[in-house]
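Q: Here's a sequence, model it:
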Amino acid sequence: MTFKNTWWKALGAILICYASVAGLIGNVPRLPILNETIRNTYFHVPLWFAMMTLMSISMFKSFQYLRKGDISLDQEAFSFAHVALLFGALGFITGAIWGNFTWGSPLPLDPKLIAVEIGMLIYAAYFILRGSFDDEQKKARLSAVYNIFAFAAFMPLVWILPRVTDSLHPGNGGNPAFGKYDMDSSMRMVFYPAVIGWILIGIWISNIKHRLEKLEYAKNNK
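A: I've put the predicted structure just below:
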């Protein structure tokens, strides 16, 4: 394996290390209520950007499987969805910790959070569905259709529904977007590398997961 094929993995690892160190010890604005919790911007938000990127790739792979019928494409869709849900869970946990400090509760009855919880459950059902079939092609076809549906349901739940009602979450329900007033140029120098880094690491983990799925499939179909 040459550096030409692995440079982006090294870049992702470097960016995550940089963002983690700078995010924990770098200077941040001293703002009311947020205080030191503003550092969570470097972890919570990039994890969710990475999650949505991986969901998009997973959905695209499902489309490709329905067109070509290649079982490897379904395995890729599953792998990307699996890592996306993991990143989503990490993003949800970091968000709950942040909310506990800034809102006084880790899980307030907020439209954005409720929509996210529903969306995560919709995606969790994707994995339950896959475990309900023994026939690989049948499982792949139904899973691909459901994966596309899950993506089509998740994005409006997270991006549209909270914007048409009141919400504590920045950028929703008339509440201004977080970065518009709170992030300065020094924070952006850490935030954007963190987003790119987590996306690259997510793709890397998904590719490893896909290779493991292919090995398991070959073992079970000898």
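
Q: Show me which helix or strand of the chain is least confident by mean pLDDT.
A: Among the helices and strands of the chain, helix 178-182 carries the lowest confidence by mean pLDDT, DSSP states H and E, at a mean of 54.

Q: Let's verify the residue most central in space within the chain: helix, strand, or coil?
A: Nearest to the geometric centre of the chain sits Met51, at 1.2 Å (Cα atoms, centre = their mean). Following DSSP: H, G, I helix; E, B strand; the rest coil, Met51 is assigned to helix.

Q: Go ahead and confirm it touches His82.
A: No. With contacts counted by Cβ atoms under 8 Å, Met51 stays clear of His82, the gap being 11.5 Å. Heads up, the C-betas are built off the backbone N, CA and C, glycines and all.

Q: Please, where are all the helices along this structure?
A: 3-25, 44-68, 71-102, 111-130, 136-159, 178-182, 185-220 (DSSP state H).

Q: quick one: the longest one to helix 44-68, angle?
A: Same thing as helix 185-220. Interaxial angle, helix 185-220 versus helix 44-68 (axes from the mean of the first three to the mean of the last three Cα atoms, to 10 degrees): 40 degrees.

Q: Please compute how far helix 185-220 lies from its chain's middle.
A: Put simply, helix 185-220 sits 10 Å off its chain's centre (Cα atoms, centre = their mean, to the nearest Å).

Q: quick one: that helix to helix 71-102, angle?
A: Using the same axes, to 10 degrees: helix 185-220 against helix 71-102 is 140 degrees.

Q: And helix 185-220, what does it pack against?
A: If contacts are counted by 3 or more Cβ pairs under 8 Å, 6 or more residues apart in numbering; DSSP states H and E, helix 185-220 sits against helix 3-25, helix 44-68, helix 71-102.

Q: ok and the second one relative to helix 111-130, angle-wise?
A: When the same axes, to 10 degrees is applied, the directions of helix 44-68 and helix 111-130 differ by 40 degrees.

Q: any chance of the helices of the chain in a markdown table, plus distance to Thr37?
A: Converted to a markdown table, these look like this (distance: least, Cβ to Cβ, whole Å):
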| stretch | distance to Thr37 |
| --- | --- |
| helix 3-25 | 12 |
| helix 44-68 | 10 |
| helix 71-102 | 5 |
| helix 111-130 | 17 |
| helix 136-159 | 22 |
| helix 178-182 | 11 |
| helix 185-220 | 13 |
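
Q: So which of the ones you listed is nearest Thr165?
A: When the helices of the chain are compared by Cβ to Cβ, helix 111-130 sits nearest Thr165, at 5.0 Å.

Q: Check the average confidence over that closest one, would you?
A: Across helix 111-130, the average pLDDT comes to 89.

Q: and if you look at stretch 70-83?
A: 95.

Q: residues making contact with it?
A: Contacts to stretch 70-83, defined as Cβ atoms under 8 Å, 6 or more residues apart in numbering, come from residues 54-55, 57-59, 61-62, 64-65, 123, 126-127, 130, 136-137, 139-140, 143-144, 147, 202, 205-207, 209-210, 213-214, 217.

Q: Now do the phi/psi pair for Leu107.
A: Per-residue torsions, Leu107: phi -140, psi 70 (degrees, to the nearest 10).
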